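Peer 1: sequence first, predicted model second:
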Amino acid sequence: MEIQERVKSYEEAMLNDLATLVSYNSVQGEPQPDAPFGEVPAACLDKALEIAEGYGFTVKNVDHYAGYAEIGEGEQVIGVLAHLDVVPAGEGWKTDPFTLTRDGDRVYGRGTSDDKGAVVASMIAMKVLKDMNVPLTKRIRLILGTNEETGSKCLAHYVEKEGHIDMGFTPDGTFPGVHGEKGALGLDFESVRTQIKEIRGGVASNVVCNHCTMIVANEAVSEEALRLALEKHPVTFEIKPEQGDLIVDVYGTAAHASTPKLGVNAIGELMAALAEAGMQDDFVEFYNRRIGTSCDGAGCDCQVEDEYGPLTFSNGIIKMENGVIRGTIDIRFPVTMNSRQIASRIEAALAGETQGKITVRSRMEPLFFPIDSPLVSRLLQAYQEVTGDLESKPITMGGGTYAKGIHNCIAFGCEFMGEDCHIHDANEFVRIDCLLQQAEIYVHALMKLLEA
């Protein structure tokens, strides 16, 4: 109870700090001197370190790739890895995404759950440990990155400069812990064989596209037929005739690419509707045959799964430049498989394809810790002590976190099982009681790791 009360006493400070961090639109921007991922992420890092220093922590800026706030002493380092960058706000917000807005027991804003809320919860957990005079025989280091959503080069730079940690967690997953993270493949597709004049959609490769705009000649597809087709799909849309063309806007639902079935992909639904409306087009046929709306990779012969879950397949971005349609595909594959197995299946399936091509752009192998490993079991005990929940178990997930880029680390929180905080979607939020409980759990978790 003492820990809970101490955390509760910092509620106002937590919300003020979160409001400050949310005010930074810290999407990756153009590199600048002393700002490798753009001026705003760098400024957000400076501000976060300033906040941490105000709590009495030792801070260091690691070339504006990352930074850290530290308490304690000793040879061993307990790491807490969080990130300050965010995905683009996108459309559909009911409030200003960069103004923390309270509505009842919730606060809304981009980054409230992913991952700025976790940053302030972790800071307060460290502050409570200091207040309690817990013997800090190891260094506890809150590591703050600025490029997690777009490649985690920030963490790679940190590891190069500062080294790995001895143990730790990243508050960028779900409770009661993530003992396995699926591997990832980033794919690119392209085609020149199309009657589409213009198309664009999506905000990031790891977000299910929720808005797609297309321009196509009237003669390529009937307006009436397209309307009838789209009415059968789980989207909203608008079709405007203009000088012999149709301007089509389709709106779906955004979701994280690791859980694409929670969203509605505007690109996929549009392509399916075009085919249903009778449009004869090589790209439309290629898309529906190879990508589609099923989210399982069947079109590329990579519909696989293991005991921990299936492969997921999500189209995030589409655009047209100089007559070439290009786009991105995000694959998360099972934890017991490797990228070579999946890539080989895709390459074999696409051999001889003439309507378009799909190529592998990036690979990341899975992460897996047994549930009874010391790290996972200690963090699980901390969760159980605070919540009393003895039924929930650590999971594997499709989302990739910093845990893949540093030794002896798993994702632990910040979202609670069954809670949908609209991460990567409009109207992202965190419940205030959940934010406080996160901090309380992290106090217990850090104490467990200090004892290890």
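Peer 2: The structure has been received and is ready for your questions.
Peer 1: how far away is the residue nearest to A89 when sequence neighbours are not counted from Q341?
Peer 2: Leaving aside its sequence neighbours, A89 sits nearest to P97 (CB to CB, 6 or more residues apart in numbering; 4.0 Å). Yep, even glycine has a C-beta here, placed from its N, CA and C like the rest. From P97 across to Q341, the span is 39 Å (CB to CB, to the nearest Å).
Peer 1: next: E321.
Peer 2: In terms of CB to CB, E321 sits 33 Å off from Q341.
Peer 1: of these two, give the one with the bigger neighbour count.
Peer 2: Ranked by neighbour count (other CB atoms under 10 Å), E321 and Q341 place Q341 first, with 13 against 10.
Peer 1: quick check: which element contains the more buried one?
Peer 2: In the assignment (DSSP states H and E), Q341 maps to helix 339-350.
Peer 1: neighbouring strands of the following helix or strand past that helix in the sheet, and parallel or not?
Peer 2: Counting by DSSP H and E, the next helix or strand C-terminal to helix 339-350 is strand 357-364. Each strand that pairs with strand 357-364, with its direction, by DSSP bridges: strand 183-191 (antiparallel).
Peer 1: how distant is the helix or strand following the strand it pairs with from the center of its chain?
Peer 2: Counting by DSSP H and E, the next helix or strand C-terminal to strand 183-191 is strand 196-201. Centre-to-centre, strand 196-201 and its host chain are 26 Å apart (CA atoms, centre = their mean, to the nearest Å).
Peer 1: which strands and helices sit next to the helix or strand just after strand 196-201?
Peer 2: Using DSSP H and E, the helix or strand that directly follows strand 196-201 along the chain is strand 211-217. Under the contact criterion of 3 or more CB pairs under 8 Å, 6 or more residues apart in numbering; DSSP states H and E, strand 211-217 touches strand 196-201, strand 245-251, helix 266-276.
Peer 1: out of those, which is the most enclosed?
Peer 2: helix 266-276 (a mean of 25; mean count of other CB atoms under 10 Å).
Peer 1: tilt between that one and strand 245-251?
Peer 2: Here the directions of helix 266-276 and strand 245-251 differ by 130 degrees (axes from the mean of the first three to the mean of the last three CA atoms, to 10 degrees).
Peer 1: now do the helix or strand that helix 266-276 is followed by, average pLDDT.
Peer 2: Next helix or strand after helix 266-276 toward the C-terminus (DSSP H and E): helix 282-290. The average pLDDT for helix 282-290 rounds to 98.
Peer 1: let me see the contact set for the nearest residue to Q355 once chain neighbours are set aside.
Peer 2: Leaving aside its chain neighbours, Q355 sits nearest to F286 (3.8 Å; criterion: CB to CB, 6+ apart). Applying CB atoms under 8 Å, 6 or more residues apart in numbering, we find F286 in contact with S191, R193, E353, Q355, G356.
Peer 1: who wins for neighbours among those residues?
Peer 2: S191 (25 neighbours).
Peer 1: measure that residue to D372 for me?
Peer 2: On the measure of CB to CB, S191 and D372 end up 49 Å apart.
Peer 1: what of L45?
Peer 2: 37 Å.
Peer 1: got it, and S258?
Peer 2: 25 Å.
Peer 1: now do Q341
Peer 2: Counting by CB to CB, the gap from Q341 to D372 is 27 Å.
Peer 1: so V120 touches V22, yeah?
Peer 2: No. Counting by CB atoms under 8 Å, V120 does not reach V22; the two are 9.9 Å apart.
Peer 1: which helix is the longest one in the chain?
Peer 2: helix 432-451 (DSSP state H).
Peer 1: output the contacting helices and strands for that one.
Peer 2: helix 2-8, helix 11-22, strand 77-83, strand 106-108, helix 116-131, strand 167-170, helix 374-387.
Peer 1: wait, doesn't the residue nearest to A89 sit right on P88?
Peer 2: No. Using CB under 8 Å, P97 and P88 do not qualify as a contacting pair, with a distance of 9.3 Å.
Peer 1: so for these two, which residue has more residues nearby?
Peer 2: P97 (23 against 16).
Peer 1: which of the helices or strands spans that one?
Peer 2: Using DSSP H and E, no helix or strand contains P97.
Peer 1: show me the contacts for it.
Peer 2: A89, Y108, G109, R110, A426, E428.
Peer 1: quick one: which of the residues you listed is nearest to I51?
Peer 2: For the contacts of P97, the minimum distance to I51 (CB to CB) is 16.3 Å, reached by G109.
Peer 1: so that closest one touches L100, yeah?
Peer 2: Yes. Here G109 reaches L100: they are 4.6 Å apart, a contact under CB under 8 Å.
Peer 1: name the residues contacting each of these two.
Peer 2: Shared contacts of G109 and L100, counting by CB under 8 Å, 6+ apart, come down to L18, A19, V22.
Peer 1: just to check, the last one is in contact with T99?
Peer 2: Okay, so that is V22. Yes. With contacts counted by CB under 8 Å, V22 reaches T99, the gap being 7.3 Å.
Peer 1: list residues touching both of those two?
Peer 2: G109.
Peer 1: comparing these two, which residue is more hemmed in?
Peer 2: V22 (27 against 12).
Peer 1: could you measure from that one over to D46?
Peer 2: 16 Å.
Peer 1: cool, C295 as well?
Peer 2: Counting by CB to CB, the gap from C295 to D46 is 39 Å.
Peer 1: hang on, V62 in a strand?
Peer 2: Yes. Assessed by DSSP: H, G, I helix; E, B strand; the rest coil, V62 belongs to a strand.
Peer 1: pull the contacting residues for it.
Peer 2: Y68, H157, Y158, K161, E162.
Peer 1: inside helices: which ones of those residues?
Peer 2: H157, Y158, K161, E162.
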